[in-house]
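Undergrad: I would like to see how this sequence folds:
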Amino acid sequence: MPHKNCFFKDCRSDSRYADAVHMKGVFFVKFPLKDENKAHQWLLASKRSNMARETIGRFTCVCSKHFLDGKGPTDKYPDPIPVGASSAELDKYKRTIKRKEPVLRTEEPVKKPRIALSERYALQDHHYGLCTFVKPRQPTNVTMSNAINSTEEESTGAVLMVATTQTAFNTDNTHNSTDGDTPTSVGEDIMVEDLCRAAKVDASTQTDITLENLQRYSNSQLQDHDKLKRAMIVESVTTDDKSCHFYTGMTVAVLMMIFKFLEPKARNMRYWEGDARHTDESIKGTRRGPARKLSNLEEYIMTLVRLRRGFDVQFLSDIFGVSITRVSRLFSTWINLMYHDLKFLIRWAPKDQILKHLPKSFKNYKKTRAIIDCTELFVQKPSLPSSQRITWSSYKQHNTFKILVAIAPTGAFTFVSRLFTGSISDKKIVLESGFLDVVEPGDDIMADRGFLIRDLLALRGATLNIPPFSHGKQLSSKGTTKTRRIASVRIHVERAIGRLKNFKLLQSKIPLSLKSLMDPIVLVCAVITNLDKRLVT
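TA: Sure, this is the predicted structure:
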């Protein structure tokens, strides 16, 4: 039986490569030759304008990728989506819900009498005292204990507002009525009815704060606004694993494990105050300055939140209730502490451990020790022309910092270089980053075509595995197969770099004020990425 390949333009689906990653779950559907109109529509959707109707035979197929959701033809969507379809054309295929027919009205709408604006504004001057118009001759003596013990849900909001405005209405109210249960005019009756209805809606939609919510906070936190904000943000971060991962990139268990590991040194650490202030003499003696306003846990969480979410110091200053200068010093101090105490988690994996945990996708590359690649981070444009030149990246068309990373076959970072300027070549960054110092004889390093380092690795007794070059000619079938196999496993280093750049601080344009901290920042982000779930199984 002949092999099947997709007829659509620029589609690589082929039954000969059924084990490839892009062929997972893909099946083929034959052209509807018996239905001429349908076959013509499929031919138009393929965008193969150079093919005539007579060229379509009984073995011509379309892969399931070109149908909605990749499920092939269904009763609702029997035809494939045209190649390069615009968003408007896709909406035509995805539109499944039809607009309901309008319902005829059986009753005439009730028209309510309009209320004069002067009467509405008169209520605002009395601070929205809703129910004092109902019985002006019988003042209601409401106390806070009675209001709190009230069990009527719809009247809670009204009772509390009457308690705060009763005195004002007793002195200002000049309405006279013969019946204490009836307002003085029809306009007041309508106004009271509307506003009481609004009070019921407001009471039913407002957030209920119970005593249990307040018991979580101490008296000092409830009395100090800044302390309360800090307690609430810490609670939000440590509520569950999903919230914690959103703010810090770690689960709650890992977050607290790292904190307990760093806490003994954090108790006695000296805050960073700049290069000029940190001399040998200033380190001696007791710590000077004001007492700490934040606890160690709050400082630790603030540092991780800035790394993960990329918040600026002004926002963190408002959230944690400290000055902008204090936020910068805390961030610098904790980044350096985590860098020096956690960098051991980025280590060159032993060969026996790699073979023990080798993923199935590396069955053809069992000698692979590491996969390397470079990534670039946007940086603020320097003022000096010489600095602009050396940081300019011709690939990104921007001023960048460049780093070299290496991952194990499982996806964990095993090497992270220091930052280089964006104009450096891949070969030079391998030579100057110290990567060759960790390479051992017999290692097989997988990389992209741009890493022309075979001679450098040969001096270390290692080999280089890169896709073959075409040299201006079309690759042979063997070369094409090798390229696809390498690409299917080399993609994991791109996924690892994508995880690293999930930290928003690395996504945005890095200010030059953080230049001295970028090496520790990148390594700490890589450490937190390694503590996440396994990338390649």
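Undergrad: pretty sure Ala370 is in a helix, no?
TA: No: Ala370: not assigned to a helix; according to DSSP: H, G, I helix; E, B strand; the rest coil it is strand.
Undergrad: On the strand side of things, show who it bridges to.
TA: Ile445 (DSSP bridges).
Undergrad: Looks like it contacts Asp443 (just checking).
TA: Yes: contact criterion Cβ atoms under 8 Å: Ala370 and Asp443 qualify, at 7.3 Å. Yep, even glycine has a C-beta here, placed from its N, CA and C like the rest.
Undergrad: Which one's more surrounded, those two?
TA: Between Ala370 and Asp443, counted using other Cβ atoms under 10 Å, the more crowded position is Ala370 (25 against 20).
Undergrad: mind listing what that one touches?
TA: Counting by Cβ atoms under 8 Å, 6 or more residues apart in numbering, Ala370 touches Trp348, Ala349, Ala406, Ile407, Ala408, Thr414, Phe415, Asp443, Ile445, Met446.
Undergrad: can you do 6 Å?
TA: Ala406, Thr414, Ile445 (Cβ atoms under 6 Å, 6 or more residues apart in numbering).
Undergrad: Strands along the stretch 351-500 of the chain, start to end?
TA: 368-378, 392-393, 398-407, 413-416, 420-421, 444-446, 463-465 (DSSP state E, counting those that start in this stretch).
Undergrad: Need the residues that contact the second one.
TA: Residues lying outside strand 392-393 but in contact with it, judged by Cβ under 6 Å, 6+ apart, are Glu376, Asn399, Thr400, Gly422, Ser423.
Undergrad: Any idea how many residues pack against the first one?
TA: For Glu376, the number of neighbouring residues by other Cβ under 10 Å comes to 17.
Undergrad: Ok, the third one next?
TA: Under the neighbour criterion other Cβ under 10 Å, Thr400 is assigned a count of 23.
Undergrad: Flag the shaky bits of this protein, pLDDT-wise.
TA: 1, 49-54, 86-102, 105-107, 109-217, 220-223, 274-291 (pLDDT under 70).
Undergrad: Mind naming the longest helix for it?
TA: Determined from DSSP state H, the single longest helix within the chain is helix 477-500.
Undergrad: Flag every buried residue along that one.
TA: Buried residues in helix 477-500, counted by 16 or more other Cβ atoms under 10 Å: Lys482, Thr483, Ile486, Ser488, Val489, Arg490, His492, Val493, Ala496, Ile497, Arg499, Leu500.
Undergrad: Report all helices and strands that it contacts.
TA: In terms of contacts (3 or more Cβ pairs under 6 Å, 6 or more residues apart in numbering; DSSP states H and E), helix 477-500 is packed against strand 368-378, helix 518-530.
Undergrad: What is the following helix or strand past that helix packed up against?
TA: Downstream of helix 477-500, the next assigned helix or strand under DSSP states H and E is helix 504-507. Using 3+ Cβ pairs under 6 Å, 6+ apart as the contact test, no helix or strand touches helix 504-507.
Undergrad: Identify each buried residue in helix 504-507, please.
TA: Applying 16+ other Cβ under 10 Å to helix 504-507 flags Leu505, Leu506 as buried.
Undergrad: same deal with stretch 306-317?
TA: Arg306, Leu307, Arg308, Arg309, Phe311, Val313, Leu316, Ser317.
Undergrad: hmm, back to that, dump the buried residues of helix 477-500 to JSON lines, plus distance to Phe67.
TA: Formatted as JSON lines, the buried residues of helix 477-500 follow (distance: Cβ to Cβ, whole Å):
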{"residue": "Lys482", "distance to Phe67": "32"}
{"residue": "Thr483", "distance to Phe67": "29"}
{"residue": "Ile486", "distance to Phe67": "31"}
{"residue": "Ser488", "distance to Phe67": "25"}
{"residue": "Val489", "distance to Phe67": "29"}
{"residue": "Arg490", "distance to Phe67": "30"}
{"residue": "His492", "distance to Phe67": "29"}
{"residue": "Val493", "distance to Phe67": "33"}
{"residue": "Ala496", "distance to Phe67": "33"}
{"residue": "Ile497", "distance to Phe67": "33"}
{"residue": "Arg499", "distance to Phe67": "32"}
{"residue": "Leu500", "distance to Phe67": "36"}
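Undergrad: ok so, going back, out of the buried residues of stretch 306-317, which comes closest to Val536?
TA: Arg308 (22.8 Å; Cβ to Cβ).
Undergrad: can you give me phi and psi for the closest one?
TA: The phi and psi values for Arg308, taken as degrees, to the nearest 10, are phi -80, psi -50.
Undergrad: How about the contacts made by it?
TA: Tyr247, Thr248, Gly249, Phe503 are the contacts of Arg308 under Cβ under 6 Å, 6+ apart.
Undergrad: how far away is it from His340?
TA: 21 Å (Cβ to Cβ, to the nearest Å).
Undergrad: Also Trp272?
TA: 13 Å.
Undergrad: how many neighbours does the closest residue to Ser488 other than its chain neighbours have?
TA: In space, not counting the residues next to it along the chain, Ser488 is nearest to Val21; the distance is 5.2 Å by Cβ to Cβ, 6 or more residues apart in numbering. Other residues within reach of Val21, judged by other Cβ under 10 Å, total 12.
Undergrad: May I have the longest helix of the chain as CSV, with CA atoms only?
TA: What follows is helix 477-500, C-alpha atoms only, in CSV (Å, rounded to 0.1, in the frame of the first residue of the first chain):
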residue,chain,number,x,y,z
SER,A,477,16.9,11.9,3.0
LYS,A,478,19.3,10.7,5.6
GLY,A,479,20.3,14.2,6.4
THR,A,480,16.7,15.3,6.6
THR,A,481,15.9,12.5,9.0
LYS,A,482,18.9,13.3,11.2
THR,A,483,17.9,17.0,11.3
ARG,A,484,14.3,16.1,12.4
ARG,A,485,15.5,13.8,15.1
ILE,A,486,17.9,16.3,16.5
ALA,A,487,15.3,19.0,16.4
SER,A,488,12.7,16.9,18.2
VAL,A,489,15.0,16.6,21.3
ARG,A,490,16.9,19.9,21.0
ILE,A,491,13.6,21.7,21.3
HIS,A,492,13.7,21.0,25.1
VAL,A,493,16.4,23.6,25.6
GLU,A,494,14.0,26.2,24.0
ARG,A,495,11.3,25.1,26.4
ALA,A,496,13.6,25.4,29.4
ILE,A,497,14.6,28.9,28.3
GLY,A,498,10.9,29.7,28.0
ARG,A,499,10.4,28.6,31.6
LEU,A,500,13.3,30.9,32.6
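Undergrad: what inclination does that helix have with respect to strand 398-407?
TA: Interaxial angle, helix 477-500 versus strand 398-407 (axes from the mean of the first three to the mean of the last three Cα atoms, to 10 degrees): 110 degrees.
Undergrad: looking at it, Leu345 is touching Val527, isn't it?
TA: Yes: contact criterion Cβ atoms under 6 Å: Leu345 and Val527 qualify, at 4.8 Å.
Undergrad: So these two - more neighbours on which side?
TA: Using other Cβ under 10 Å as the criterion, Leu345 and Val527 rank with Val527 on top: 20 against 16.
Undergrad: so that one makes contact with Leu342?
TA: Yes: the criterion here is Cβ under 6 Å, and Val527 meets it with Leu342 at 4.9 Å.
Undergrad: Buried residues of stretch 355-363, list them for me.
TA: Per 16+ other Cβ under 10 Å, stretch 355-363 contains these buried residues: Leu358, Pro359, Ser361, Phe362.
Undergrad: So of those residues, which two are at opposite extremes in space?
TA: Among the buried residues of stretch 355-363, Leu358 and Ser361 lie farthest apart (Cβ to Cβ), at 9.2 Å.
Undergrad: and Ser425, how far is that from Phe451?
TA: To Phe451, Ser425 is 10 Å away according to Cβ to Cβ.
Undergrad: Which one's more surrounded, those two?
TA: Phe451 (22 against 14).
Undergrad: Tell me which residues are up against stretch 61-72.
TA: Against stretch 61-72 from outside (Cβ under 6 Å, 6+ apart): 4, 6-8, 13, 26-30, 73, 77, 80-81, 93.
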